[in-house]
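[1] 3D model of this:
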Amino acid sequence: MDMFIESIPFLFRRMINLEELTLQLSVIMGTVFIDGTHIYNNILIHLQQLRIFNFCICTDLRIDHLVHHLSKYDIQRTFSNAIYQDVDCMVQYGCNRAVCHVFSLPFIFDYIGYVGNTFPSIVFIHVRRLFVCDLVPFEHEFFIRIASCFPLLEHLNIYNIGPQLKVSTKLKSDNSQMNSIVKYSHLIWLELECVHIDYVEQFLNETKTHLPSLTRLTIYYSVLCNVTENFTRYITRRNCIKVNQLNLVVGIIERSKDFNVYFPLL
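    Residues are numbered from 1 along each chain as shown. Down below sits the predicted model:
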């Protein structure tokens, strides 16, 4: 954060005639969230000719650096007089870290990371790569929202070691959203490296998720064997059949007739 305070104003004081700016910035191990006040005082005040400003700024800091746990509302209030365009934000707290995104709308960037259960219900039409993580489990409805809000997603990386909540058979039968199959039409690469086994089930089970374009899968071999029942389970085969690049975190492929049926392109 100190580097941001010191370097950014110096940089933009040399660009006083700039009329259009696109900025994507990540600040790791900062001491405070970068908000509307920081952006105005360190960037906008130096760019009086600026007409178009597209930005996405992520601050990742340790919680013990925070005096107060700021909410999304607290962050949004700092933009009231600073930026004359639509702005949104996300704030997420973990066990020892906090992540804040502030970004202009419409969102024009192809990547966003550290998205948790709470994110704005807007369409990120340009995003192709997404990293989702949270201490709170991701339920089926979360992945429905991801598919809806990121319709052109090609690369999804999931980090969540918490098991999904188990729902009763009656709830499943009464809840149409629980029964709906999530479709990621453009998803090419799925990373399931740091996840509970429930999320492997969530994505490989065709009764829950449809992945018609999946060609690259990152996963633990033992977990893959478990969920597919050693490559004999029918309802997890369809989402694997087009995979031509299997990235194993740990383990060595033991080829068998059943494995070759599952992954005919390997």
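
[2] quick check: which element contains Asn54?
    For Asn54, the element it lies in under DSSP states H and E is strand 52-62.

[3] CA-only coordinates of that strand, as PDB, when you get a sec.
    Listed in PDB are the C-alpha atoms of strand 52-62, where the atom choice follows Å, rounded to 0.1, in the frame of the first residue of the first chain:
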ATOM      1  CA  ILE A  52     -13.000   7.600 -19.600                       C
ATOM      2  CA  PHE A  53     -11.700   5.600 -16.600                       C
ATOM      3  CA  ASN A  54     -12.000   1.800 -16.600                       C
ATOM      4  CA  PHE A  55     -10.600   0.100 -13.500                       C
ATOM      5  CA  CYS A  56     -10.500  -2.900 -11.300                       C
ATOM      6  CA  ILE A  57      -8.400  -2.700  -8.200                       C
ATOM      7  CA  CYS A  58      -8.000  -5.500  -5.700                       C
ATOM      8  CA  THR A  59      -6.600  -5.100  -2.200                       C
ATOM      9  CA  ASP A  60      -5.500  -8.200  -0.400                       C
ATOM     10  CA  LEU A  61      -4.500  -7.600   3.200                       C
ATOM     11  CA  ARG A  62      -4.100  -9.300   6.600                       C
END
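
[4] after it, next one along is what?
    Once the chain leaves strand 52-62, the next helix or strand it forms, by DSSP H and E, is helix 72-77.

[5] and that next one, which residues are buried?
    By neighbour count, with 16 or more other CB atoms under 10 Å as the criterion, the buried positions of helix 72-77 are Ile75, Gln76. Where C-beta positions appear, they are placed from N, C-alpha and C, glycine not excepted.

[6] report the mean per-residue pLDDT for that helix.
    Model confidence over helix 72-77 averages 91 on the pLDDT scale.

[7] do stretch 49-66 as well
    Taken as a whole, stretch 49-66 carries a mean pLDDT of 86.

[8] tell me which other helices or strands the strand holding Asn54 touches.
    For strand 52-62, the elements it packs on are strand 20-30, strand 97-104, strand 111-115, judged by 3 or more CB pairs under 8 Å, 6 or more residues apart in numbering; DSSP states H and E.

[9] lowest average confidence across those strands, which one?
    Minimum mean pLDDT among the helices and strands packed on strand 52-62: strand 20-30, a mean of 88.

[10] nearest to Val261, out of the helices and strands packed on strand 52-62?
    The closest approach between Val261 and any of the helices and strands packed on strand 52-62, judged by CB to CB, belongs to strand 111-115 at 35.1 Å.
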